[in-house]
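K.L.:
Fold the following and give me the result.
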Amino acid sequence: MRIQSVVDTPERRKAVDAITPSRVAFELHLGQSKPIYNAVKQLKDTSVIWQKLNPTQQRIVTITLKDYENSGVGLPEDKKKRFNAISDQLSQLTTNFSSNVLDSTMAFKLLVTNKSELDGLEETTLAVAAEKAKDAGHPSATAESGPWLLTLDYNTYVAVLSFAKNRDLRKNFYIAYRSIASSGKSDNTGIINQILALRKELAVILGYKNYAEEKFTYKMATFNSASSLMEQLINDSRAVAVEENAQVTQFARNVSEDKGLELKWWDIAYWSERQKEHLFHIKQERLREYLPLPLVIKGLFQLAHKLYGINVQLASGALPVWHKDVQVYAVSDANSTKPFAYFYADLFARPGSKQGGAWVQPLWDAAKYWRAPSPAAAAAKATKAAASNSTNSRTASVIWTPSLAKAESDWLNSAPYQLPIAVLISNQNPPAGGKPSLMSLNDAGTLFHEFGHALQHMLSKSKQGLTSGMRNIEWDAVETPSQMQEKWVYDKNMFNSIARHWNTNESVPSWMFDAIKSLKTYRQGNAFSYQLTLAMTDLILHSSYDPRGKVTPTQIQQQQSARIMPYKPYPGDRQLNNFGHIFGGGYAAGYY
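P.N.:
Below you'll find the predicted structure:
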């Protein structure tokens, strides 16, 4: 796990920058080892051996060979040297990209002293903003009287766009968010161009036409089938999105009594939220009161017990933590108290030191590991030492005898078992104003989703690290367990177990749950069109886009937005500069 993503400091950045070249060099040295590659290849090429391997072992061999080939093991020395230089540069560039996003987000701070400017904002948002003001040197700040410090973290951004009656405030936030990491020292524009150019060069060196072709060797779909599916979905969703926007525009005109009102980009979320309240008679702030984080977590763990026969218990002190808010949990079978896995839960937003978003990071795989040489390795070392005293040291070898084979097999079978550990990260609003952390419906769905990833990692039955948990699962299949898990939020019995008023313990009224189920399809044409815009932009940038051409990555994104979204793109949109999934994470040529 890269701890920098959750506790970023200047000292840690300096340490990461210092160690990155050595880390990349080691990974390349290992990934380009011809002796290891040849040995693994022999397992597949020798039919007698191959047929004795079980399906898991065969998968490991196949994937390992592909990894070595895509790491440049077969390249001539001149191309390998360039390949390694590019790999080192890309590692640093993606790190810089993420750091710039964090720095740019942290740089935006708006201190408000006049509450009328924040009219419409939820009590939760005001309470969190007052706590931020306290931390910034305003110890008397309260949710009622202020001052309030607004930052550009995603929770605050969504709250302002959805609830602030102050149109200028919404506009300022929209423009600021869409301009993250697009100016000054934190500008990612040049980094994006470098990353795209280097990725393409890297792929060409390996013999691929482009970077997307290389990445699709790790997916179930082909590039053509994925692109074809995206185009079909675009055709299906755009007409729905257009109709949705026409409806919300007419609603806004009726409510505002302004028949000529034209919605700007910073108006759409606000009026959509008002329309949602009108149609479903439910307000987010009231719903939050019924979704306190501690109760949602309790219900989530009870669901895991019922579905998978496991217990999840708080295990404070079992593992070291990086922040006081981080919790450690132990996972055991229902009829046992002995943990078979652990996971960290780092759930609260920390603008300025923690990256936004939500994800699960495997820390340790479930596997049997020896951290000592095998009998064969020890014999080889002894043979090499003896041969070094002779004149023919380069031909030293180990004779594979039945006794050595048995010793090797016994050694493998007796390897100690390493418990899996996962890290679950989200950016939920912290407790504020004397209340626990209160969740939106989307927050709850995100927590269930990410817990699905964690379960996939921790419940793995494989004892071989390379096929344990999420390791080496095709990237367009890895989301399946998490998407299944998040659907439980909309199960009535499940929802009733996690939804009680944080103060009165009152259950959710039955009409409210019916409204919540209806919310699942509200403006989904727009939501789907937005995701398709990002997906197609990603595929184009990593396939047909020419980094040396006149068209810029931002122009590609604008073109896709214009043809897919139901409204014209914002001319100043620099969203790519904040698109960490493909420029700072692992979803390049795979965001679809």
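K.L.:
Make sure residue 156 is actually in contact with residue 127.
P.N.:
No. If you go by C-beta atoms under 8 Å, residue 156 and residue 127 don't touch, sitting 12.0 Å apart. Glycine gets a C-beta too; all of them are placed from N, C-alpha and C.
K.L.:
Sketch out the low-pLDDT regions of this structure for me.
P.N.:
Filtered on pLDDT under 70, the chain yields the residue ranges 1-2, 384-398.
K.L.:
Report the central residue of it.
P.N.:
residue 359 (4.0 Å; C-alpha atoms, centre = their mean).
K.L.:
what's the helix or strand for the nearest residue to that residue once chain neighbours are set aside?
P.N.:
Once flanking residues are discounted, residue 359 sits nearest to residue 425: 5.5 Å by C-beta to C-beta, 6 or more residues apart in numbering. For residue 425, the host element (DSSP states H and E) is strand 421-428.
K.L.:
Now the phi/psi pair for the residue nearest to the centre of the chain, please.
P.N.:
Dihedral angles of residue 359 (phi, psi; degrees, to the nearest 10) stand at phi -160, psi 170.
K.L.:
all strands of the stretch 1-150 of the chain, in order?
P.N.:
Secondary structure of the stretch 1-150 of the chain by DSSP state E, counting those that start in this stretch: the strands cover 109-112, 148-151.
K.L.:
Return the most buried member of those.
P.N.:
Across those, the average number of neighbours (mean count of other C-beta atoms under 10 Å) peaks for strand 148-151, which reaches a mean of 24.
K.L.:
In its sheet, which strands sit next to it, and in what direction?
P.N.:
Strand 148-151 has the following sheet partners, assigned by DSSP bridges: strand 109-112 (antiparallel).
K.L.:
Need the residues that contact the partner strand.
P.N.:
Under the criterion C-beta atoms under 8 Å, 6 or more residues apart in numbering, residues 118, 129, 133, 136, 138, 146, 147, 148, 149, 150, 151, 172 lie in contact with strand 109-112.
K.L.:
likewise stretch 130-142?
P.N.:
Contacts of stretch 130-142 (C-beta under 8 Å, 6+ apart): 109, 111, 143, 146-151, 351, 430, 432-433.
K.L.:
Next: stretch 5-12.
P.N.:
Against stretch 5-12 from outside (C-beta under 8 Å, 6+ apart): 3-4, 98-99, 102, 322-323, 346, 350, 352-355, 425.
K.L.:
Most neighbours among these, please name it.
P.N.:
Highest neighbour count within those, by other C-beta atoms under 10 Å: residue 102, with 24 neighbours.
K.L.:
List the contacts of it.
P.N.:
So, once contact is read as C-beta under 8 Å, 6+ apart, residue 102 ends up touching 8, 352, 353, 355.
K.L.:
now do residue 82
P.N.:
Each residue near residue 82 by C-beta under 8 Å, 6+ apart is listed here: 201, 205.
K.L.:
circling back to that earlier point, compile the strands of the stretch 1-150 of the chain into a markdown table and extend it with columns for distance to residue 82.
P.N.:
Converted to a markdown table, the strands of the stretch 1-150 of the chain look like this (distance: least, C-beta to C-beta, whole Å):
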| stretch | distance to residue 82 |
| --- | --- |
| strand 109-112 | 44 |
| strand 148-151 | 42 |
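K.L.:
out of those strands, which comes closest to residue 89?
P.N.:
Among these, the nearest to residue 89 by C-beta to C-beta is strand 148-151 (32.1 Å).
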